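J.: only the shape, not the letters, is given here:
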């Protein structure tokens, strides 16, 4: 038998060519006792020599290894292709099967069928020979029967004709229908998954190997979680999916020596991560602080010299020594611009209401937390600092104050904290967060505050640029809006439904701030 290196040296270039040269390192091998063909971690394909040796009793080692590589590269190229697709397929399967183990097994099987069928339709692969001689359980037998029918190759499989016929009607290669296809696939094989669960075989990998999340990079994970958060309006569902894969995600991050969240420590709290990723889907541009005149003049552009104009502004280098009106060039000078004091993006104080009348961000989508998270993301993107004042009944101690920080995990964690009590502000503690240059204030509340007159008086006396986001419409929000109607540095916006977050809160906040350059930076 040739050595592994000799076989790979011959086969790997050929396999890469027919899969259009994917950017993957040369496969390695292990002597794992697991009876699976391969594992992929961090884009590295690792082939089990134990599996190859067992299959070598019926097939040449070169055929076995080539089939395994075709299987792995087809997964990489087509299905699941990326972390986002993997999570989407798992989410659909979980909604049908309601069980983590069954959903993972169904997702693995579906991705195998898609990847192998795609490979069969595009390349000349030894996969049929590999599947024909592979040891199979009940679920593997059904998959091989399916292959036998849609590939029109004899794989030595039999039985389960009704189930195989139903599975063969699914359009596996149509990516547009994968959402519904995996649901149909999961429903059909559900009885077999229940049998495996009762016999204790559900956790066993299929012969070709399972597909865990350690094969993806940190950037793929960040993008996938961001897209997942954007499609889920229930934090509980996001939390459930995240916890199902938390171990693998953490293992990948630690293994690659990186962290989630723009260089900050990885936020293990699912609620914090959900609102962080939701906020990243809405980008708020930041306009730089307007410049002021410096008082100094500098040469701006050339103009023709005329009689009576000062000689010292003549530019001899462009006039070629000729002193003649209309031909001689002189410098036109303008006053220079410089940044004023405290230039750059202003820091922001976020005041968020987490009283009992507000939504619990762990149980349902909180418009308040999402709106505040989007604002915080905009400031942080522009290197500003954010302080958080999370209050319920502040006088009773239901209060969280986070000093100015750029640590996303700390900031979003403070936003997600929920007290669920009364509603009362402590202005002495808010005043402690005031500083120079004057920061912005971002208030989010349903305004059912026990001391609203003090809040109105406080805002009326402030020089801060203030954005007030009012949750719902009631007599309290109407009273606040009426009291602040003529305050030039206060912008007020209402949120009544989820669609108002990007359409009204974010859009109108940007519109207001772009049109009022009151204290510098415009968000």
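T.: Cool, the structure landed. Everything numeric here is computed off the predicted structure, so don't read it as measured data.
J.: ok, the residue positioned nearest the centre of the chain - contacts?
T.: With distances taken as CA atoms, centre = their mean, residue 226 lies nearest the centre of the chain, 1.7 Å away. If you count contacts by CB atoms under 8 Å, 6 or more residues apart in numbering, residue 226 has them with 277, 280, 281. Where C-beta positions appear, they are placed from N, C-alpha and C, glycine not excepted.
J.: repeat that for residue 449.
T.: 353, 423, 424, 425, 455, 476 are the contacts of residue 449 under CB under 8 Å, 6+ apart.
J.: go again with 10 Å.
T.: Going by CB atoms under 10 Å, 6 or more residues apart in numbering, residue 449 touches 353, 355, 391, 422, 423, 424, 425, 455, 456, 476, 480.
J.: ditto for residue 453
T.: Applying CB under 10 Å, 6+ apart, the residues contacting residue 453 are 479, 483.
J.: could I get the full set of strands for this structure?
T.: Along the chain, the stretches classed as strands by DSSP state E are 28-30, 38-41, 44-48, 292-304, 329-338, 348-353, 386-391, 399-405, 440-445, 466-471, 490-495.
J.: helices or strands up against the first one?
T.: Other helices and strands packing on strand 28-30, by 3 or more CB pairs under 10 Å, 6 or more residues apart in numbering; DSSP states H and E, are helix 4-18, strand 38-41, strand 44-48, helix 49-55.
J.: right, and the ones you listed - which one's nearest residue 472?
T.: strand 38-41 (48.4 Å; CB to CB).
J.: return the distance of the closest one from the chain's centre.
T.: 25 Å (CA atoms, centre = their mean, to the nearest Å).
J.: worst average pLDDT in the strands of the chain?
T.: Lowest mean pLDDT within those: strand 292-304, a mean of 65.
J.: how near is the closest residue to residue 358 other than its chain neighbours to residue 282?
T.: Using CB to CB, 6 or more residues apart in numbering and skipping the chain neighbours, the partner closest in space to residue 358 is residue 368 (5.8 Å). Using CB to CB, to the nearest Å, residue 368 is found at 15 Å from residue 282.
J.: what about the helices in the stretch 401-523 of the chain?
T.: Ranges of helices within the stretch 401-523 of the chain are 408-416, 427-431, 452-460, 475-483, 500, 507-515, based on DSSP state H, counting those that start in this stretch.
J.: may I see the strands of the chain organised as a markdown table, with distance to residue 139 and mean neighbour count added?
T.: Below are the strands of the chain laid out as a markdown table (distance: least, CB to CB, whole Å; neighbours: other CB atoms under 10 Å):
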| stretch | distance to residue 139 | mean neighbour count |
| --- | --- | --- |
| strand 28-30 | 25 | 14 |
| strand 38-41 | 19 | 20 |
| strand 44-48 | 20 | 20 |
| strand 292-304 | 72 | 11 |
| strand 329-338 | 71 | 14 |
| strand 348-353 | 49 | 24 |
| strand 386-391 | 49 | 26 |
| strand 399-405 | 50 | 16 |
| strand 440-445 | 50 | 26 |
| strand 466-471 | 49 | 24 |
| strand 490-495 | 48 | 20 |
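J.: closest to residue 107 out of these?
T.: strand 38-41 (15.1 Å).
J.: can you list the strands that the closest one pairs with?
T.: Counting by DSSP bridges, the strands paired with strand 38-41 are strand 44-48 (antiparallel).
J.: can you list the neighbours in contact with the strand it pairs with?
T.: By CB under 10 Å, 6+ apart, strand 44-48 touches 4, 7-8, 12, 24-40, 54, 64-65, 68-69, 71-73, 75-76, 209, 214-215.
J.: among these, the buried ones, what's the PyMOL command?
T.: To isolate the buried ones among the contacts of strand 44-48 in PyMOL, judged by 16 or more other CB atoms under 10 Å, type:
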select buried, resi 4+7+8+12+24+27+29+36+37+38+39+40+64+65+68+69+71+72+73+75+76+209+214+215
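J.: who's in contact with residue 16?
T.: 22, 23, 24, 26, 69, 73.
J.: thought the fourth one was touching residue 5?
T.: I take that to be residue 26. Yes. Using CB atoms under 10 Å, residue 26 is in contact with residue 5, at 9.2 Å.
J.: related to what we said a few turns ago, could I get the strands of the chain as a markdown table with distance to residue 205?
T.: Listed next are these as a markdown table, based on distance: least, CB to CB, whole Å:
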| stretch | distance to residue 205 |
| --- | --- |
| strand 28-30 | 14 |
| strand 38-41 | 9 |
| strand 44-48 | 11 |
| strand 292-304 | 67 |
| strand 329-338 | 65 |
| strand 348-353 | 46 |
| strand 386-391 | 45 |
| strand 399-405 | 44 |
| strand 440-445 | 47 |
| strand 466-471 | 48 |
| strand 490-495 | 47 |
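J.: the contacts of residue 226 in helices, which ones?
T.: Per DSSP state H, helices hold the following members of those: 277, 280.
J.: now rank the contacts of residue 226 by neighbours and give me the top one.
T.: Counting neighbours by other CB atoms under 10 Å, residue 277 leads the contacts of residue 226 with 25 neighbours.
J.: hang on, the earlier thing: the helices of the stretch 401-523 of the chain: which one's closest to residue 119?
T.: For residue 119, the closest of the helices of the stretch 401-523 of the chain is helix 408-416, at 41.1 Å, according to CB to CB.
J.: by contact count, what packs against the closest one?
T.: Packed next to helix 408-416, using 3+ CB pairs under 10 Å, 6+ apart, are helix 270-280, strand 348-353, helix 367-381, strand 386-391, strand 399-405.
J.: count the neighbours of residue 364 for me.
T.: 12.
J.: close enough to count as contact, residue 276 and residue 412?
T.: Yes. Using CB under 10 Å, residue 276 is in contact with residue 412, at 4.8 Å.
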